[in-house]
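Show me the folded form of this:
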Amino acid sequence: MENKRKYLFITVIALFIVSFYTINLRFDPFYRVNGINNDNRMIIEKYLSKEEQKYLVENRIPLYHFMKYIKYDDFYLPYYQYYELLEKTGRYDNNKIILSTGNELAEKLTNAFKGKAYDQAKKIVEHDLEAGYLYNQNFDFDKIQIYYEMRPLYEDYSYVDDTEYYIELLKNHGLNDKLIKSFFADACDNYTRYGLTTLMTQANNLEVFLIADPSSLLTTLGENTYIGSYVPHNLVLMSDIHRLKYAMYLNNDAYQALKKMIDAMPKGIANDFYIKEAYTSFNDFQYSNASLAGKDERQLGRTVSIASKSIAYQEFETSALSQWLEANAHEYGFILRYPKRMASSTNHVYDAHYYRYVGKKIANKIYKENSCIEEYNQKEAAE
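Purely as a prediction, here's the structure:
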């Protein structure tokens, strides 16, 4: 008898809970909505349509996701995730712009991708592509990986049209889809928008190789290579070094190595040392010798022309400074760029003045093998 009473009591309690839950669902549709209270209930019933209220209840959307937008005329609850995406970027000045942009984005993506629309929205908003998608009819999701690379170079959404144009140029240049993606990844990491534009001016010249990554320690330049108006990222003013003029620049890694090398020189040799040439810009070359613009290694920022204070420039080879450099420069990461008997490889006659920074490891290997960058690169490619 006691067990029967116990079971009866449990059954009654269970029926009460189910009944209470059912009644609440029937008479209070917002019962399971996170954050609901009497004030919020009144706001929801005032500003949300019956369709939106149903959507809210069925999806149990916490109120904090959308209450800041609910009083705006343009607010539409099913698009709340798009509004949040845009807000988190910090790129929008006010809620009205967030709502109008979110609505356009949601509608266009839903028409194109249906159930996958929000996933596509995350891809483009994360990389600041939404304006390009909304306002440039040439936007192509198949090229989105390249847009990721191109977008940071632009202040507007013309990257869409430029991407289309550049891809066509590169295809005509003989690059396949895989090489084109690799080209953009490297080029957009190294060039400014203007730099990339000047680089692509030679894309129709099939005899010229476009260098997407000029920052490599082993980049070589010549008549059949081109880097446009490339500017190294880490140029620094050379200070505390004797030089021909004050405003002379070099890549920081090369500059630091150069200072160590000078410090290691015997005092008399160091006092005889000065830099005649260092980094030379694309614009400087256009002014002085346009045929070298985009094709000369001084533009890479790792090459220096060294001269002696006491000996004529043409006689530098005979100086103690030149002899010290040939014997020791590799220990500091520098190599003689145009050595004797290497003209067939370097396409440049012997010149005792020019030294190129390639890092200690490579410099020592090139020195020991009595080689040059070109031969080193060929050997590495063959292995």
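
OK, contacts around Thr89?
125, 128 (CB atoms under 8 Å, 6 or more residues apart in numbering). For the C-beta atoms, the positions are set from N, CA and C on the backbone; glycine is no exception.

Report the separation between it and Leu134.
14 Å (CB to CB, to the nearest Å).

swap in Asp189?
27 Å.

Can you pick out the residue with more neighbours from those two?
The neighbour comparison of Asp189 against Leu134 (other CB atoms under 10 Å) goes to Leu134, with 17 against 13.

Sort out which residues of the strand or helix carrying Gln323 are buried, please.
Secondary structure from DSSP states H and E places Gln323 in helix 320-328. For helix 320-328, burial by neighbour count (16 or more other CB atoms under 10 Å) applies to 321-322, 324-326.

Go through those and name the one nearest Ser215.
Leu325 (24.9 Å; CB to CB).

quick one, what contacts that closest one?
Leu325 neighbours (CB under 8 Å, 6+ apart): 306, 334, 336, 355.

Surely the second one and Lys260 touch.
No: applying CB atoms under 8 Å as the test, Phe334 and Lys260 come out as separate, 10.4 Å apart.

The two: who's more crowded?
Neighbours were counted for Phe334 and for Lys260 using other CB under 10 Å; Phe334 has more, 26 against 11.

what's the more buried one sitting at in phi/psi?
phi -110, psi 150 (degrees, to the nearest 10).

So it versus Asn38, what's the distance?
78 Å.

what residues are up against Leu105?
Applying CB under 8 Å, 6+ apart, the residues contacting Leu105 are 82, 86, 121, 125, 130, 133-134.

hang on, it in a strand?
No: secondary structure assignment places Leu105 outside any strand; it is helix (DSSP: H, G, I helix; E, B strand; the rest coil).

Next one: it from Leu77, what distance?
In terms of CB to CB, Leu105 sits 16 Å off from Leu77.

repeat for Ile262
Counting by CB to CB, the gap from Ile262 to Leu77 is 69 Å.

For Phe282, which non-adjacent residue is closest in space?
Closest residue in space to Phe282, ignoring its immediate chain neighbours: Ser229 at 3.9 Å, by CB to CB, 6 or more residues apart in numbering.

can you map out the strands along the stretch 1-150 of the chain?
For the stretch 1-150 of the chain, strands defined by DSSP state E, counting those that start in this stretch do not occur.

hang on, I meant the stretch 151-300 of the chain
209-210, 225-226, 235-237, 249-251, 273-277.

nearest to Leu300, of those strands?
Checked against CB to CB, the stretch from those lying closest is strand 249-251, at 7.7 Å.

Which secondary structure elements does that closest one sit against?
strand 235-237 (3 or more CB pairs under 8 Å, 6 or more residues apart in numbering; DSSP states H and E).

List the buried residues for the strand it packs on?
235-236.

can you offset everything so residue one is 37?
Fine by me, first position is 37 from now on; the one you just mentioned is strand 271-273.

where are the low-confidence patches of the stretch 37-186 of the chain?
Applying pLDDT under 70 to the stretch 37-186 of the chain flags the ranges 37-64.

Each with direction, which strands does the very next helix or strand once past the helix holding Gln359 pair with?
Where DSSP H and E defines the elements, the next helix or strand beyond helix 356-364 is strand 370-374. Its sheet considered, strand 370-374 pairs with strand 387-393 (antiparallel) by DSSP bridges.

how much space between Lys295 and Phe370?
12 Å.

again with Tyr193
45 Å.

now swap in Ala314 and tell me
Taken as CB to CB, the span from Ala314 to Phe370 is 13 Å.

likewise Thr199?
39 Å.

How about Leu122?
On the measure of CB to CB, Leu122 and Phe370 end up 51 Å apart.

which of the contacts of Leu141 lies closest to Lys217?
Nearest member of these to Lys217, counting by CB to CB, is Tyr169, at 19.6 Å.

and the closest one, what does it touch?
With CB under 8 Å, 6+ apart, Tyr169 has these contacts: 141, 144, 160, 175.

Also Asn70?
Applying CB under 8 Å, 6+ apart, the residues contacting Asn70 are 96-100.

One more: Tyr108?
131-132, 135.

how about the helices in the stretch 37-186 of the chain?
38-63, 74-83, 86-95, 116-125, 131-149, 153-162, 166-171, 180-186 (DSSP state H, counting those that start in this stretch).
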